[in-house]
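1. Structure of the sequence below:
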Amino acid sequence: MEFLQLVETIRSEEAARNAEAASRFLSEDGFRSATGNIRKHPRYSQMLVEALRVVENARKSRRGMDVFNEAMGTADFPLLMGDVLDRQLLGTYTEAPSTWSIYCRRGTVPDFRTVKRFAVDGAEGVLPSVGEKGTYLPQVLSETKYSYAVSKYGRIIKWDWEAWVNDDMDGLASSSPARLGKAARRSEDKFATQLHVDANGPHASLYSTANKNKIVTANGAASANPVLGIAGLQDALTVLGLQVDADGEPISVDGVILEVGPALAQTAKNILSASQIIIGADSASQRILTANWMRDNMTLVVNPYIPIVASSANGNTTWFVHAAPGAGRPAMEMGFLRGYEAPQLFQKMSNQMRIGGAANAMDGSFEDDTTAFKVRHVFGGTSLDGKGTVGSNGSGS
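-> Residues are numbered from 1 along each chain as shown. Predicted structure coming up:
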């Protein structure tokens with residue numbers, strides 16, 4: 001609180017000095033017209049008010065009193081920097097909410113070296129009978145290793161000093177850190193999507209016959225790669241429910257996440273929002289009207305990067321059902337460097353100082369007057385156990 005009071009005191013004193021300087025500039029000793037004392041001029045009062053208003057606006061601006069001297073170059077933004085009487089700055093595109101943390105486990109790593117994740121299986125099956133004086137039989141455990149390393153990602157936005165000065169609507173300067181932060185969040189979502197989506201839909205390395213997480217008839221489902229619907233979701237849950245551990249024991253799944261792209265968002269919302277559903281709607285022999293038990297057992301995630309990563313015709317029809325990553329063994333992990341879990345935003349400090357003036361970060365480089373913003377983000381990840389996820393490219397075949 002004392003610091004804030006000190007800041008306000010300094011600002012008040014600065015405003016008083018600026019007002020006094022402006023008044024002195026227009027005073028009898030400082031400014032005279034050819035016809036005599038300027039104070040006697042009929043527009044003197046109006047001129048004084050205008051001068052004080054300019055000083056006050058300069059004091060309140062983000063560049064302080066440097067507004068009289070200062071702020072990519074102006075030629076790069078002819079519309080933004082142009083001499084137009086009526087200009088309004090439109091907002092940026094709205095960012096889609098981050099989704100990866102809902103279906104993917106979050107981890108931390110100590111450095112840039114490769115880290116390992118181990119899964120140990122065995123000795124969890126039903127206990128065998130041991131007769132009188134019988135021998136307890138040992139069971140060998142097995143292990144599976146997963147590994148990945150985090151990498152550094154980043155970008156720089158560089159501005160000419162002239163562009164900074166002319167940016168009267170804050171179209172470039174104030175939005176630069178926000179743009180870089182948005183890019184970092186989008187990078188996370190696309191990376192996580194690429195862990196389980198390839199050009200054809202469900203990633204071939206994660207969704208395979210060996211992992212038994214493809215929706216095919218052999219796994220107990222009624223169709224292969226079904227479209228998103230009541231029947232398709234039943235097939236996916238059947239495949240997920242039939243998964244067993246290394247001992248052949250059933251795997252419990254408490255929470256289920258339905259992940260779709262934008263093209264399937266309304267279909268998914270209609271299914272999960274309905275109060276009742278018809279089971280067996282495609283069968284002429286038996287149909288059952290029942291309460292929609294799916295609405296309380298599934299969390300919907302709309303991932304806009306599915307059709308971007310799945311660039312084939314399946315991009316708009318691919319969908320997934322994941323076991324919640326917070327319990328048991330997750331299907332994917334996103335890792336972040338310890339102590340740097342969030343993206344870091346930087347501004348290049350000026351390496352020049354005006355003679356007789358204070359240093360200002362917006363003065364930029366001594367060589368060319370440029371300034372810059374930078375974002376740095378460190379993350380990585382890998383797919384893990386495929387038994388916790390089921391995917392369909394929605395092709396129906």
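
2. For the stretch 51-200 of the chain, which segments count as strands?
-> Assigned by DSSP state E, counting those that start in this stretch, the strands in the stretch 51-200 of the chain fall at 105-109, 115-121, 142-148, 151-159, 197-198.

3. in its sheet, what does the fourth one sit against?
-> Same thing as strand 151-159. strand 371-383 (antiparallel) (DSSP bridges).

4. buried set for the strand it pairs with?
-> Residues of strand 371-383 classed as buried: 371, 373-383 (neighbour count, 16 or more other Cβ atoms under 10 Å). C-betas here are computed from N, CA, C, even on glycine.

5. winner for burial among the strands of the stretch 51-200 of the chain?
-> Mean neighbours per residue, mean count of other Cβ atoms under 10 Å, is largest over those for strand 197-198, with a mean of 24.

6. In terms of secondary structure, what does whichever helix or strand comes after it contact?
-> For strand 197-198, the following helix or strand on the C-terminal side (DSSP states H and E) is strand 201-202. In this structure, strand 201-202 packs against strand 389-392, with contacts taken as 3 or more Cβ pairs under 8 Å, 6 or more residues apart in numbering; DSSP states H and E.

7. what about the strand it packs on, average pLDDT?
-> Strand 389-392 carries an average pLDDT of 96.

8. In CSV, list the C-alpha atoms belonging to that strand.
-> Provided in CSV are the C-alpha atoms of strand 389-392 (Å, rounded to 0.1, in the frame of the first residue of the first chain):
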residue,chain,number,x,y,z
THR,A,389,-9.1,-45.4,-25.2
VAL,A,390,-11.3,-46.4,-28.1
GLY,A,391,-11.5,-44.7,-31.5
SER,A,392,-13.5,-44.7,-34.7
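
9. hmm, which helix or strand of the chain has the shakiest average pLDDT?
-> The weakest-scoring helix or strand in the chain, judged by mean pLDDT, DSSP states H and E, is strand 32-33 (a mean of 42).

10. Local confidence estimate at V256?
-> In this model, V256 carries a pLDDT of 93.

11. That one: neighbouring residues, count only.
-> 18 (other Cβ atoms under 10 Å).

12. beta partners for it?
-> M298, A323.

13. What ranges in the stretch 201-350 of the chain fall below the confidence cut-off?
-> Along the stretch 201-350 of the chain, segments meeting pLDDT under 70 span 217-222, 280-285.

14. picking that back up, want to throw the strands of the stretch 51-200 of the chain into TSV with distance to A274 and mean pLDDT?
-> Below are those laid out as TSV (distance: least, Cβ to Cβ, whole Å; pLDDT from 0 to 100):
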stretch	distance to A274	mean pLDDT
strand 105-109	31	95
strand 115-121	38	89
strand 142-148	39	91
strand 151-159	41	92
strand 197-198	27	98
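
15. of all the buried residues of strand 371-383, which comes closest to G134?
-> S383 (42.8 Å; Cβ to Cβ).

16. quick revisit: export the strands of the stretch 51-200 of the chain to CSV and tack on distance to T389?
-> Converted to CSV, the strands of the stretch 51-200 of the chain look like this (distance: least, Cβ to Cβ, whole Å):
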stretch, distance to T389
strand 105-109, 12
strand 115-121, 15
strand 142-148, 14
strand 151-159, 24
strand 197-198, 11
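
17. looking at the ones you listed, which is closest to M362?
-> Comparing these by Cβ to Cβ, strand 151-159 comes nearest, at 9.1 Å.

18. Could I have the CA atoms of the closest one written out in CSV?
-> Written as CSV, here are the backbone C-alpha positions of strand 151-159 (Å, rounded to 0.1, in the frame of the first residue of the first chain):
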residue,chain,number,x,y,z
SER,A,151,11.3,-29.7,-26.4
LYS,A,152,11.4,-25.9,-26.6
TYR,A,153,9.0,-24.0,-28.7
GLY,A,154,8.7,-20.2,-29.3
ARG,A,155,8.3,-17.2,-31.5
ILE,A,156,9.3,-13.5,-31.6
ILE,A,157,7.2,-10.5,-32.7
LYS,A,158,9.5,-7.6,-33.7
TRP,A,159,8.3,-4.0,-34.1
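
19. closest to K387 out of the strands of the stretch 51-200 of the chain?
-> strand 115-121 (10.1 Å).

20. got a list of contacts for the closest one?
-> 109, 141-149, 245-247, 329, 333, 335, 382, 384-385 (Cβ atoms under 8 Å, 6 or more residues apart in numbering).

21. Report the angle between that strand and strand 371-383.
-> 20 degrees (axes from the mean of the first three to the mean of the last three Cα atoms, to 10 degrees).

22. where's strand 115-121 relative to the chain centroid, distance-wise?
-> For strand 115-121, the separation from the chain centroid amounts to 28 Å (computed by Cα atoms, centre = their mean, to the nearest Å).

23. In the sheet, which strands lie alongside it, parallel or antiparallel?
-> Under the rule (DSSP bridges), strand 115-121 has strand 142-148 (antiparallel) as partners.

24. Give me the distance between the spatially most central residue of the chain and Y153.
-> Among the residues of the chain, the one closest to the centroid is R185, at 2.2 Å (Cα atoms, centre = their mean). Noted for R185: a distance of 12 Å to Y153, by Cβ to Cβ, to the nearest Å.

25. again with N225
-> For N225, the distance to Y153 equals 33 Å [Cβ to Cβ].

26. ok, now L264?
-> 29 Å.

27. Just the pLDDT for P97.
-> 84.

28. Please apply the same query to K60.
-> For K60, pLDDT reads 52.

29. now swap in V165 and tell me
-> 81.

30. in the protein, which spans are helices?
-> 2-25, 44-60, 100-103, 161-166, 176-196, 230-241, 265-273, 306-309 (DSSP state H).

31. Flag the shaky bits of the stretch 51-200 of the chain, pLDDT-wise.
-> For the stretch 51-200 of the chain, the ranges with pLDDT under 70 are 51-93, 169, 173-174.

32. swap the cut-off to 90 and go again
-> 51-97, 118-126, 128, 137-144, 157-181 (pLDDT under 90).

33. Tell me the spacing between the closest residue to A263 other than its chain neighbours and L258.
-> Computed as Cβ to Cβ, 6 or more residues apart in numbering, the closest residue to A263 that is not its neighbour in sequence is N316, at 3.7 Å. Using Cβ to Cβ, N316 is found at 16 Å from L258.
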